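Task: produce atomic coordinates for the following.
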Amino acid sequence: MAEKTRVIEVVPYDPVWKEQFRQIRSMIEGYIGDLILGIEHVGSTSVEGLPAKPIIDLDAVMEDYSMLPAIVERLAKAGFEHQGNLGIEGREAFNPTVPDGFMKYHLYVCPKDGKGYLEHIAFRDYLRSHEAARREYASIKMKLAKQHRHDIDSYCDGKSEFVAAILKADLDRG
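The predicted structure is shown next:
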């Protein structure tokens with residue numbers, strides 16, 4: 001089961017996150033690079049200027065689910081526990097079980113046409129290119145982190161309406 005965040009801490013954007021992503025991506029590519037199409041930095045740490053929980057989110061993109069058994073096998077040998085989809089279709093979670101020297105991160109393996117992956121990219125790209133939305137989301141996150149300091153589910157639920165509105169607006173535009 002995924003490790004639950006004990007205390008929700010949203011901190012100012014840190015440029016170190018980009019470098020940490022690059023280093024983690026390089027490590028993951030060393031294990032499964034020939035089985036995937038690429039690895040994307042997603043989540044709030046991927047949006048310059050956006051406050052975030054200091055946890056890097058990575059989506060390793062595979063062609064389709066036929067690649068998953070080989071990916072699971074290789075990542076297991078590298079010390080990653082396959083956690084299944086954790087209730088979100090189109091995304092497989094992996095948890096590192098041995099210290100690797102990196103900051104905390106979440107690794108997801110997703111098919112290239114999976115809803116979870118496509119939504120991660122659409123939301124990230126929208127926030128990167130719309131400063132007003134980025135500021136509004138930052139405000140929501142900071143407020144929720146204070147209100148729900150020890151309740152990650154309520155924190156996440158509180159962001160859902162904003163995220164859904166952005167995804168709908170992006171879909172309506174595209």
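
List the contacts of stretch 59-79.
28, 31-32, 35-40, 42, 82, 91-92, 94, 96-98, 100, 107-113, 116-117, 120-121 (Cβ atoms under 8 Å, 6 or more residues apart in numbering). In short, each C-beta sits where N, CA and C put it, glycine included.

mean confidence score for the helix ranked longest in the chain?
If you go by DSSP state H, the chain has its longest helix at helix 152-173. Averaged across helix 152-173, the pLDDT comes to 86.

elements contacting that helix?
helix 115-129, helix 131-147 (3 or more Cβ pairs under 8 Å, 6 or more residues apart in numbering; DSSP states H and E).

Would you mind giving the orientation angle of it with respect to helix 115-129?
Angle, helix 152-173 to helix 115-129, by axes from the mean of the first three to the mean of the last three Cα atoms, to 10 degrees: 80 degrees.

which secondary element of the chain has the worst mean pLDDT?
helix 152-173 (a mean of 86; mean pLDDT, DSSP states H and E).

For beta bridges, what are the partners of the residue positioned nearest the centre of the chain?
Nearest to the mean C-alpha position of the chain, by Cα atoms, centre = their mean, lies Asp57 at 3.0 Å. Applying DSSP bridges to Asp57 yields these beta-bridge partners: Val42, His106.

Next up, the contacts around it.
41-43, 45-46, 105-106, 108, 120.

Now do it, the pLDDT please.
The model's pLDDT for Asp57 equals 97.

Kindly report the same for the one 10 residues further on.
At Met67, the predicted lDDT confidence score is 97.

Show me which of the contacts of stretch 59-79 are buried.
28, 31-32, 35-36, 39-40, 42, 91-92, 94, 96, 107-111, 116-117, 120-121 (16 or more other Cβ atoms under 10 Å).

which ones are touching the residue lying closest to Ile140 once chain neighbours are set aside?
Of all residues not flanking Ile140 in the chain, Phe162 sits nearest, at 5.6 Å (Cβ to Cβ, 6 or more residues apart in numbering). The contact partners of Phe162, by Cβ under 8 Å, 6+ apart, come to 136-137, 140.

how long is stretch 85-96 from one end to the other?
16 Å (Cα to Cα, to the nearest Å).

actually stretch 43-61, not the one I typed
First-to-last residue span, stretch 43-61, Cα to Cα: 15 Å.

Report the buried residues of that stretch.
Residues 43-47, 50-54, 56-61 are the ones in stretch 43-61 that count as buried (16+ other Cβ under 10 Å).

How about stretch 68-77?
Here stretch 68-77 shows 71-72, 74-75 as buried, counting by 16+ other Cβ under 10 Å.

Contact partners for Thr45?
Contacts of Thr45 by Cβ under 8 Å, 6+ apart are 13-14, 17, 21, 52, 54-57.

quick one on the thing from earlier: adding distance to Met67 and mean pLDDT, write the helices and strands packed on helix 152-173 out as JSON lines.
As requested, these are exported to JSON lines (distance: least, Cβ to Cβ, whole Å; pLDDT from 0 to 100):
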{"stretch": "helix 115-129", "distance to Met67": "14", "mean pLDDT": "94"}
{"stretch": "helix 131-147", "distance to Met67": "33", "mean pLDDT": "95"}
